[in-house]
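Student: the sequence and its predicted three-dimensional model are supplied below.
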Amino acid sequence: MTIVNMNKINIVGLDSIKTELIKRIMDLGVVEISSQDFKLTDPEWNSYVKKDGNENEVFNLDVKISQVSEVLNSLEKYDTSKRPLFNTRKPVSSAEFIKALEKNDSVSENVNRVLGLNKSLSELCSEGNKIEAAILSLKPWIKYPIPLDMTETKYTSVIIGAVPSIADINELKSKLFRTTERCYMDVVDSDKDQYYCSFICLTEEKEDILELLKQYGFSPVTFKDLRGTAEENIMLYENSLKEISAKKETVDKDITELVSFKEEIQLYHDHLVIERDKNKVLSSMLKTDTTFYIEGWVPEACKDSVQKVLDQYQCWYDFKKPEEGENFPVLLKNSAFAEPFESITELYSLPATSNIDPTAVMAPFYVLFFGMMLGDVGYGVMFALGCYIILKKFDIEGTFGRMLKVFFWGGISTIFWGVMYGSWFGDGLVVGARHLFNINLPITYVWVDPLKEPMVVLIVSFVMGLVHLFVGMGMSAYMSIRDGHLADALMDVGLWYLFILGPIFWLAGDMIIPGSVLPVIGKWVTIASAIGLVLTQGRAKVGIINKLISGVLALYGITGYLGDVLSYSRLLALGLATGVISSVLSLIGSMGSGIAGAILYVLVFVFGHILNFAINGLGSFVHSARLQYVEFFGKFYEGGGDAFAPFTKKTKYIKIKEEI
Amino acid sequence: MEFTMGGFLAILGAANASMAGIGSAWGVAIAGMAAGGVIAEDPKKFGPTLMLQALPGTQGIYGLLIAFIIMNKIGVLGGSIAPLTTAQGLMFLAASLPAGITGTISAVWQGKVAATGVQLVGKRPEEIAKAMVYAAMVETYAVLALLASFLMVNGIQV
């Protein structure tokens, strides 16, 4: 439950070992190398050093990586083998990795082949599109019997073109023949937009006729470079379309054959990424003519292994603890149970370096609240079993894997609360057994039925909320004491504890232990703590009057605590929502009778509970996170830390296991 | 079945509670419209945006829940309505108000918050949890209203 202690490390070494050392540091994967750009403007430094870096190489590798990614994407499309449900990184030993890299030349040849094939595929596609467009423009002229390239004879001219369909074609015809008798006109075809017409006329009258046609919106059409009739041309085009699709098929087949090299190419991709990162990190380093300088952070626990490597390469180095108030990268360390809950902390924000890692304290509350809000054995089993199976079958890393573990524990807690509430798919199992098989299942609640006695659960919810809040305030007190401010802890947390508990005993003491002195104690504790708060809460202000005014106003803060506690009523309310929806499902399901009734029940049961599970599972996740983020973290937590990002192999497809 | 004012008012209460669905439909629609825009850019974000879109849907469920409890209590579901006095009917109607009104209005506003959450996920998919918590902040009041309605309905003697 701690923020890992970091040491600042400075390394100076000779240029000759630089590449080798970077590789070793990357293998270790425990050093964060921070950028040193600000030193370049520092007069103490900038006369000695200049920025290292190899941007050209980084750029070249980036280009290659994007090419390989493109290849992998296109191979993915052709890969017909069954894909796993989740993508996981394949474990590879470093010896295997090095051996596989020997084949790099043939792999990069394959990459180029796929790239070439992709290119010819896209060329074929665009060619096909072009031809299809040409066919489309020829289609209206399919009945036109004259070769398209014949536009004139010795004395006559041939005109073809389109007239919009809004024009009156008969009027055009009669007007044309009134102008001249030595003209032939034919409407070849028409569609809803245009008439497609051809005219044969004397060349000497061509201009006049065109003039007339223009009045009807005639636009001439010419087919350049085409010989023969439209029909012949369409046939030619269709043949070449067939050829293109045959060619496409062979290209497709060629690519499909290369799918078997996918794993090699993935390995190559990761190799390129590693090389790129090795070159990229140079730009965070400084250099002189013969030496290099690295500055970064190392977790204290990993100091020795780093030291060993640096000694081996005869570097100069020193480790320094961070100075007071200096920010360092944040790495959390938790027990195996709490570790997955770091993802919940991370979703809020990593702790500031002066703060505390809340994960271990938060985790049990998260699990408890999640279970209470879902509160059903059936749904709990679905969560726990589902997550367990996925985690067993796949090696899922990162936030998603951790989330699955969180949901696994949430599921266990949900089962617990389901037993407490007597909720097995709500009353679905009981009603189902009675309705379908006429059996009375002896399922009942262990603690309380929240539908019948909601007030009991409500009070327990408030008590749990109070405990949660007090733990949060306790964390704040712990930090004050840790930093040597015992008085702050007593005044800001201790007095508030009393001022919250006092009124509770004053008002409800008689209900807790009837006839006891609790209310009297509560009354005096309330008065004493109120006086204490008035006297202490304004201590930062100047002047007696200001101090007292701030102190009195601080008492108003009790409403904040009241609101916080009431917020935990959602523990009951969301649990009720799950239960009531389940009973509604049972009610709807058992409306029929006989075979049809049984089918109805099963259908309503399956689909209804899947829906209820999904929507209430989502609700439980969000609302238990909210209780942590708003109510709990609000009492002590300060986020804003930067995650520790060690220089390591950020591979996508393989996981390289180091032999130690 | 005899018509009584009490019975009518109680059923009116159940109807009022379930009308929180108006708000949910509205809120889900607002979030859904925003989600459509994000999906146009990146179809892979369907899952996270769908989760955000679903959030304002709960008020409708809470309303239905209260409606069912009222119906169950007055015996509509069993087929024979209990003889209710006008006062009892009015009490059911009053008890349904938090679920109906708070539910409707909070769902619309939650939809708006969810829509901005969808935009957030469009730009920074890793921040989905924050978007969901923002939307859940609005839902708190629907949860409180559900609880108020539930406790009130539960307390009415029939």
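Tutor: Everything's here; your move.
Student: could you identify the helix or strand that succeeds the lowest-mean-pLDDT helix or strand in chain A?
Tutor: Lowest on mean pLDDT, DSSP states H and E among the helices and strands of chain A sits helix A:43-46, with a mean of 82. Counting by DSSP states H and E, the next helix or strand C-terminal to helix A:43-46 is strand A:50-51.
Student: give me the contacts around the least confident helix or strand of chain A.
Tutor: A:39, A:40, A:286 (CB atoms under 8 Å, 6 or more residues apart in numbering or on different chains). In short, each C-beta sits where N, CA and C put it, glycine included.
Student: these two touch, right, the first one and residue A:284?
Tutor: No. Between residue A:39 and residue A:284 no contact is recorded; they are 11.0 Å apart, counting by CB atoms under 8 Å.
Student: the more surrounded of these two?
Tutor: When residue A:39 and residue A:284 are compared for neighbours, residue A:284 comes out ahead with 19 against 16, by other CB atoms under 10 Å in any protein chain shown.
Student: OK, contacts around that one?
Tutor: Contacts of residue A:284 by CB under 8 Å, 6+ apart are A:33, A:34, A:35, A:36, A:294.
Student: from residue A:31, how far off is it?
Tutor: 11 Å (CB to CB, to the nearest Å).
Student: sorry, back to before: so which of the contacts of helix A:43-46 is the closest to residue B:148?
Tutor: residue A:39 (61.9 Å; CB to CB).
Student: for the nearest residue to residue A:645 once chain neighbours are set aside, grab phi and psi.
Tutor: Excluding its sequence neighbours, the residue lying closest to residue A:645 (CB to CB, 6 or more residues apart in numbering or on different chains) is residue A:32, at 5.5 Å. With angles defined as degrees, to the nearest 10, residue A:32 sits at phi -90, psi 120.
Student: ok, what's across the strand from residue A:32?
Tutor: Note on residue A:32: beta-bridge partners by DSSP bridges are residue A:297.
Student: number of residues surrounding residue 66?
Tutor: No chain was given, so I picked chain A. Counted with other CB under 10 Å, residues neighbouring residue A:66 total 11.
Student: that's the wrong chain, I wanted chain B
Tutor: Around residue B:66 there are 30 residues (other CB under 10 Å).
Student: my guess is it contacts residue B:146. True?
Tutor: Yes. Assessed by CB under 8 Å, residue B:66 is found in contact with residue B:146 at 6.9 Å.
Student: now do the shared contacts for these two.
Tutor: With CB under 8 Å, 6+ apart as the test, residue B:66 and residue B:146 both reach residue B:99.
Student: name the nearest residue to the closest residue to chain A within chain B, ignoring sequence neighbours.
Tutor: For chain B, the nearest residue to chain A under the criterion CB to the nearest CB is residue B:129, separated by 3.9 Å. For residue B:129, ignoring the flanking residues on the chain, the nearest one in space by CB to CB, 6+ apart is residue A:347 at 3.9 Å.
Student: how about the one you found, secondary structure?
Tutor: helix (DSSP: H, G, I helix; E, B strand; the rest coil).
Student: in this structure it contacts residue A:625, no?
Tutor: Yes. Using CB under 8 Å, residue A:347 makes contact with residue A:625 at a distance of 7.3 Å.
Student: please say which of these two ends up with more neighbours.
Tutor: When neighbours are counted by other CB under 10 Å, residue A:347 and residue A:625 differ, and residue A:625 comes out ahead with 23 against 19.
Student: need the contact list for residue A:177.
Tutor: residue A:183.
Student: and for residue A:404?
Tutor: A:387, A:390, A:391, A:396.
Student: ok, residue B:125 next?
Tutor: B:45, B:48 are the contacts of residue B:125 under CB under 8 Å, 6+ apart.
Student: low-confidence regions, the chain specifically.
Tutor: Picking chain A for this. A:1, A:658-660 (pLDDT under 70).
Student: could you do chain B instead?
Tutor: For chain B (pLDDT under 70), the answer is B:1.
Student: center of it, which residue is that?
Tutor: residue B:59 (1.7 Å; CA atoms, centre = their mean).
Student: which elements pack onto the helix or strand hosting that residue?
Tutor: Here residue B:59, judged by DSSP H and E, is contained in helix B:58-74. Secondary-structure packing of helix B:58-74 (3 or more CB pairs under 8 Å, 6 or more residues apart in numbering or on different chains; DSSP states H and E): helix A:570-589, helix A:594-626, helix B:5-18, helix B:20-41, helix B:86-97, helix B:103-123, helix B:128-155.
Student: can you pull the buried residues of the second one?
Tutor: Right, helix A:594-626. Neighbour-count burial for helix A:594-626, counted by 16 or more other CB atoms under 10 Å in any protein chain shown, picks out A:598, A:600-601, A:604-605, A:608-609, A:612-613, A:615-626.
Student: what do you get for the fifth one?
Tutor: With burial defined by 16+ other CB under 10 Å, the residues of helix B:86-97 counted as buried are B:88, B:89, B:90, B:91, B:92, B:93, B:94, B:95, B:96, B:97.
Student: ok, the third one - contacts?
Tutor: The one in question is residue B:90. Counting by CB under 8 Å, 6+ apart, residue B:90 has contacts residue B:9.
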